[in-house]
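*Asks:* Give me a model of this one.
(one chain, ligands or ions: 3)
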Amino acid sequence: MSTIETPNSITITRPDDWHLHLRDGAALASVLPHTARQFARAIVMPNLKPPVTTTVAAAAYRERILAALPEGMSFEPLMTLYLTNNTDPDEIRRAMDSGFIHAVKLYPAGATTNSDAGVTDLRNCYKVLEVMQEVGMPLLVHGEVTDHDIDLFDREAVFIERVMRPLRRDLPALSIVFEHITTKDAAQYVAEAEGPIAATITAHHLLYNRNEIFRGGIRPHYYCLPVLKREEHRLALVTAATSGDERFFLGTDSAPHAIGAKESSCGCAGCYTALHAMELYTQAFADAGALDKLEAFASFNGPAFYGLPRNEGTVTLTRESWTLPATVPMGDNALVPLNAGERIDWKML
Ligand SMILES: NC(=O)N[C@@H](CC(=O)O)C(=O)O
Ligand SMILES: [Zn+2]
Ligand SMILES: [Zn+2]
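*Replies:* Ligands and ions are numbered 1, 2, ... in the order given. Prediction:
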């Protein structure tokens with residue numbers, strides 16, 4: 001696997017997205033080609049309504065994804081199950097045996113979009129987590145506490161102390177991905193922890209701090225959860241992503257919401273980056289003078305953690321300015337991508 005790198009062009013092994021929302025139905029059909037153009041595979045989040053809680057439901061969802069894939073495009077959905085207070089330990093064995101389910105997702109109840117069916121107390125799930133540890137099924141974590149007395153910007157740091165440390169003390173061999181980390185606390189925790197732990201990092205958390213949500217007015221398309229943090233946290237994430245540490249890998253958390261659900265008096269959380277994810281990551285790595293570290297982050301570290309082969313083939317990004325559309329179709333509605341109407345400096349061929 002060779003990396004051909006010049007300041008104006010980079011060719012890397014075809015990357016994967018280790019954290020993605022594809023939704024369902026007409027929305028799925030609209031957004032899937034964007035991801036399939038950029039990535040060979042993606043870990044598909046199970047927070048549908050109702051959530052994907054069984055192997056049977058995940059199999060049906062996987063078929064709907066494959067049926068929505070345009071002719072001539074190749075893409076492999078890596079399915080996940082949504083953990084609830086009532087998940088049956090036997091469901092984990094069925095999921096493992098399926099071969100197409102690669103992880104189980106923990107949403108603390110009320111933490112984010114479609115998390116109402118999530119876990120209210122992780123102690124309800126210990127039998128399930130023990131089976132996951134035994135069979136080698138990774139746990140993916142939306143790492144925020146939801147208690148109302150915790151400041152929104154502290155939710156991830158508090159999660160480390162209250163949930164992550166006790167969980168990993170009790171189940172030290174359970175593989176865990178700390179999803180979409182947003183703080184220096186989480187980056188440091190993952191870098192220093194013992195045992196099988198990794199983290200995904202989004203492009204928007206590498207490029208923006210929380211000022212972006214308020215630049216010249218309130219900008220709902222920059223609102224996601226966990227919310228953008230202070231500059232010192234962004235810098236820590238850039239350091240982690242570009243460090244070469246194989247525990248950190250790419251997960252866009254691209255999260256499509258119809259325009260009206262975002263531009264609202266109570267707008268949904270989620271940034272849509274599936275259209276231009278690799279361009280954004282390349283920008284972040286170029287800004288850090290670390291283009292030589294992009295391939296490991298985007299194409300090697302994720303498969304190594306999940307025990308999957310690296311992809312065949314390559315993609316090339318060149319330094320070429322283009323303008324993001326103002327909107328893109330989403331079923332018979334539309335969504336506003338991150339950076340809508342703005343110029344960006346890299347282009348995937
Ligand atoms: N990241 C988000 O802000 N939103 C995600 C849910 C999630 O990943 O927490 C969504 O499904 O819309
Ligand atoms: Zn999340
Ligand atoms: Zn997500």
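*Asks:* Could you report the neighbour count for residue 131?
*Replies:* The criterion is other C-beta atoms under 10 Å. On that basis, residue 131 has 20 neighbouring residues. For every residue, glycine as well, the C-beta is placed using N, CA and C.
*Asks:* So which elements touch the helix or strand containing it?
*Replies:* Counting by DSSP states H and E, the secondary-structure element that holds residue 131 is helix 126-135. For helix 126-135, the elements it packs on are helix 89-98, judged by 3 or more C-beta pairs under 8 Å, 6 or more residues apart in numbering; DSSP states H and E.
*Asks:* And the helix it packs on, what's buried?
*Replies:* 91-93, 95-96, 98 (16 or more other C-beta atoms under 10 Å).
*Asks:* Check what contacts the helix holding residue 131 and list those residues.
*Replies:* 83, 87-89, 91-93, 96, 104, 122, 137-139, 167, 170-171, 173-174 (C-beta atoms under 8 Å, 6 or more residues apart in numbering).
*Asks:* rerun that using 10 Å as the cut-off
*Replies:* Residues external to helix 126-135 that are found in contact with it (C-beta atoms under 10 Å, 6 or more residues apart in numbering): 81, 83-93, 95-97, 103-104, 106, 119, 122-123, 125, 137-139, 167, 170-176, 196.
*Asks:* so how far is the helix or strand just after that helix off the chain centroid?
*Replies:* As assigned by DSSP H and E, the chain's next helix or strand after helix 126-135 is strand 139-141. What separates the centre of strand 139-141 from the centre of its chain is 11 Å, taken as C-alpha atoms, centre = their mean, to the nearest Å.
*Asks:* now do stretch 246-254
*Replies:* A distance of 6 Å separates the centroid of the chain from that of stretch 246-254, by C-alpha atoms, centre = their mean.
*Asks:* That one near ligand 1 anywhere?
*Replies:* Yes: Stretch 246-254 comes into contact with ligand 1 when judged by C-beta under 6 Å from any ligand atom, the residues involved being residue 253.
*Asks:* Show me what counts as buried in that stretch.
*Replies:* Judged by neighbour count (16+ other C-beta under 10 Å), stretch 246-254 contains these buried residues: 247-254.
*Asks:* Secondary structure for the residues you listed - can I get that in CSV?
*Replies:* Rendered in CSV, the data for these read as follows (DSSP: H, G, I helix; E, B strand; the rest coil):
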residue, secondary structure
247, coil
248, strand
249, strand
250, strand
251, coil
252, coil
253, coil
254, strand
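*Asks:* Pick the one among these closest to residue 38.
*Replies:* Nearest to residue 38 among the buried residues of stretch 246-254, counting by C-beta to C-beta, is residue 252 at 8.5 Å.
*Asks:* residues contacting the residue lying closest to that closest one once chain neighbours are set aside?
*Replies:* With C-beta to C-beta, 6 or more residues apart in numbering as the measure, residue 277 is the residue that lies nearest to residue 252, at 4.6 Å, once sequence neighbours are left out. The contact partners of residue 277, by C-beta under 10 Å, 6+ apart, come to 15, 17, 20, 34-35, 37-39, 202-204, 250-254, 298, 338, 348.
*Asks:* Let's see that with 7 Å instead.
*Replies:* Contact partners of residue 277, counting by C-beta atoms under 7 Å, 6 or more residues apart in numbering, are 17, 38, 203, 252, 254.
*Asks:* So it versus residue 23, what's the distance?
*Replies:* Counting by C-beta to C-beta, to the nearest Å, the gap from residue 277 to residue 23 is 16 Å.
*Asks:* same thing with residue 263?
*Replies:* Noted for residue 263: a distance of 18 Å to residue 23, by C-beta to C-beta.
*Asks:* and stretch 325-338, how far apart are its ends?
*Replies:* One end of stretch 325-338 to the other measures 10 Å (C-alpha to C-alpha, to the nearest Å).
*Asks:* Could you list the buried residues of that stretch?
*Replies:* Within stretch 325-338, the residues that qualify as buried are 328, 330-331, 333, 335-338, counting by 16+ other C-beta under 10 Å.
*Asks:* so what's residue 323 closest to, chain neighbours aside?
*Replies:* Nearest residue to residue 323 in three dimensions, chain neighbours excluded: residue 343, at 5.3 Å (C-beta to C-beta, 6+ apart).
*Asks:* ok, now which ones touch the one you found?
*Replies:* With contacts defined as C-beta under 7 Å, 6+ apart, residue 343 is in contact with 321-323.
*Asks:* got it, and residue 341?
*Replies:* With contacts defined as C-beta under 7 Å, 6+ apart, the neighbours of residue 341 are 323-324, 326.
*Asks:* Fine by me, we can end here.
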